[in-house]
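> heads up, no residue letters with this:
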Ligand code: F0G
């Protein structure tokens, strides 16, 4: 393949799902009905669904075949042991606890280690992670490097943790109030940006000095490892599996959503070395998820994940995956659309605040842009900005660090012509940017408001 410029999708399509083509007129009515919240759309009203890369990927023939041998025994299913072995092959933690998705692992872990007075540092907490930390009364602190907050600044590892800021936080609150340090790979809320091995080692060294455990929020671990292979000195020749094992060896545990780099449609796990925490987590698991050998999943789901973990670290897959996201990013940049650079692993993030300077952050430029992309081309994207992060627990509202619109690419699902269409639509909307108007919130819940808030024109 090295002689050719085109990196083909390293699969062919065995079974297809029709896309219902809609008109702009239909979509205008749909958008009003949804009160400008794209989570309220029915997915058959969407033509290209880039809302999330989570659980939306296509499974392989081998995964569907593996599902057939799913053993649905309540306790001790061989499907669990295959799942456990597949996880442990990459992440050799002592205790591997299956959950129905990532946030269930977060909920259980933070119920055990969080609580009022506690502080959890992370490069950037994802929204459910932050919500689960705050739900226990603990404080979630984001400590990504300064470069990670500047959309137009190029840096190979914009997801890195600010080591000096971590030291300062520990000095300020004291290690006793920090039950664990988290690092999210890749840093989803900061643009799908990777964290280097060097940075993970530095975080580890800080944790060692203060006796703190380090946990990975590892949802997109394989994409992160591919970036390490591509960008970190001395890593080029390495097998991605070994890079993943290096990442794991620096941590004491992890939370995981198998809906991302598990290549599955549902699932997750919590893994950790600490006996006492694992015991308490398993007790909670039984209350909320299920018995520890299935934890909220069917045996067939455990099989799909086990096979997915085998496939996600293939170099051909990762080369295509990262390149196809970059293909979209490159085309938008060439069209003058401001995006977070370099392009992340699972998504392209449009910098809506820069594209729409006439819309103030508290009129949600990201939400306005996402609505326009839907209206124009039936594309569903997701605001990651002031709607998602602007509401503080005390009810006050502040602009988020950035107002981004995420075009998340489901794994192995869309082809290059789908992306070419997306490029055309974004280009057209960007040309009319000055005509877009802001929004106001008409109705909202107190937590995770982006899922259900209703908007009107500002
Ligand atoms: N951590 C990160 C970094 C995530 O991106 C997500 C989910 C979770 C945890 C929670 O996992 O959905 O299985 O409960 N992110 C999805 C997204 C929803 O669209 O980025 P989950």
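Perfect, thanks for sending it. All values derive from a computational prediction rather than experimental measurement. Residues are numbered from 1 along each chain as shown.
> element containing residue 278?
helix 275-288 (DSSP states H and E).
> and that helix, what's its mean pLDDT?
For helix 275-288, the mean per-residue pLDDT is 97.
> Using neighbour counts, pick out the buried residues of it.
277, 278, 280, 281, 282, 284, 285 (16 or more other Cβ atoms under 10 Å). The C-beta positions use only the backbone N, C-alpha and C, and glycine is treated the same way.
> helix or strand right after that helix?
helix 299-312.
> and for that following helix, what are the contacting residues?
Contact with helix 299-312 is made by 59-60, 62-63, 66-73, 77, 79-80, 82-83, 85-87, 89-90, 98, 222, 258, 261-267, 294, 297, 317-318, as judged by Cβ atoms under 8 Å, 6 or more residues apart in numbering.
> if we go to 6 Å?
60, 62-63, 66-67, 70-72, 77, 79-80, 82-83, 86, 222, 258, 261-264, 266-267 (Cβ atoms under 6 Å, 6 or more residues apart in numbering).
> Buried only: go through those for me.
Buried, going by 16+ other Cβ under 10 Å: 60, 63, 66-67, 70-71, 77, 79-80, 82-83, 86, 222, 258, 261-264, 266-267, out of these.
> Name the residues linked to residue 97 by a beta bridge.
On the basis of DSSP bridges, residue 97 is bridged to residue 270.
> Pretty sure it sits against residue 277.
No: using Cβ atoms under 6 Å, residue 97 is not in contact with residue 277, being 10.4 Å away.
> Dead centre of this structure: give me the residue that sits there.
residue 188 (4.5 Å; Cα atoms, centre = their mean).
> Excluding chain neighbours, what is closest to that one?
Excluding its sequence neighbours, the residue lying closest to residue 188 (Cβ to Cβ, 6 or more residues apart in numbering) is residue 126, at 5.3 Å.
> Over to that neighbour: give its phi and psi.
phi -70, psi 160 (degrees, to the nearest 10).
> same question, the one 10 residues further on
Dihedral angles of residue 136 (phi, psi; degrees, to the nearest 10) stand at phi -90, psi 0.
> ok, it - how many residues close by?
16 (other Cβ atoms under 10 Å).
> Can you name the residues that contact the closest residue to it other than its chain neighbours?
In space, and not counting its chain neighbours, residue 136 is closest to residue 114: 3.3 Å by Cβ to Cβ, 6+ apart. Applying Cβ under 6 Å, 6+ apart, we find residue 114 in contact with 133, 136, 138.
> let's go with 10 Å and repeat that
Going by Cβ atoms under 10 Å, 6 or more residues apart in numbering, residue 114 touches 106-107, 120, 132-140, 179-180.
> ditto for residue 91
Contacts of residue 91 by Cβ under 10 Å, 6+ apart are 216, 218, 221, 244-245, 247-249, 251, 253-254, 256, 269, 271, 309.
> still on that earlier bit, inside helices: which ones of the buried ones among the contacts of helix 299-312?
Those of those mapping onto helices are 63, 66, 67, 79, 80, 82, 83, 86, 222, per DSSP state H.
> so where do the helices sit in the stretch 1-150 of the chain?
For the stretch 1-150 of the chain, applying DSSP state H, counting those that start in this stretch gives helices covering 24-33, 61-68, 78-90, 102-113, 127-135.
> Now do the second one: everything it contacts.
In this structure, residues lying in contact with helix 61-68 by Cβ under 10 Å, 6+ apart are 11, 14-15, 57, 59-60, 79, 82, 263-265, 298-308, 310-311.
> Quick one: mean pLDDT for that helix?
Helix 61-68 comes out at a mean pLDDT of 98.
> now do the fourth one
Here the mean pLDDT over helix 102-113 is 98, rounded to a whole number.
> Compute the number of surrounding residues for residue 24.
10.
> go on, the one 5 residues further on?
Neighbours of residue 29 under the rule other Cβ under 10 Å: 11.
> Could you do residue 232 as well?
18.
> Stretch 342-361: which residues count as buried?
Neighbour-count burial for stretch 342-361 [16+ other Cβ under 10 Å]: 342-356, 359, 361.
> Show only the entries of those found in strands.
347, 348, 349, 350, 351 (DSSP state E).
> could those residues go into TSV alongside pLDDT and distance to the ligand?
Putting those into TSV (pLDDT from 0 to 100; distance: Cβ to the nearest ligand atom, whole Å) gives the following:
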residue	pLDDT	distance to the ligand
347	98	8
348	98	13
349	96	11
350	97	16
351	95	18
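> Would you mind giving the residues you listed as CSV with distance to residue 4 added?
Shown next, in CSV, are these (distance: Cβ to Cβ, whole Å):
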residue, distance to residue 4
347, 26
348, 24
349, 29
350, 30
351, 32
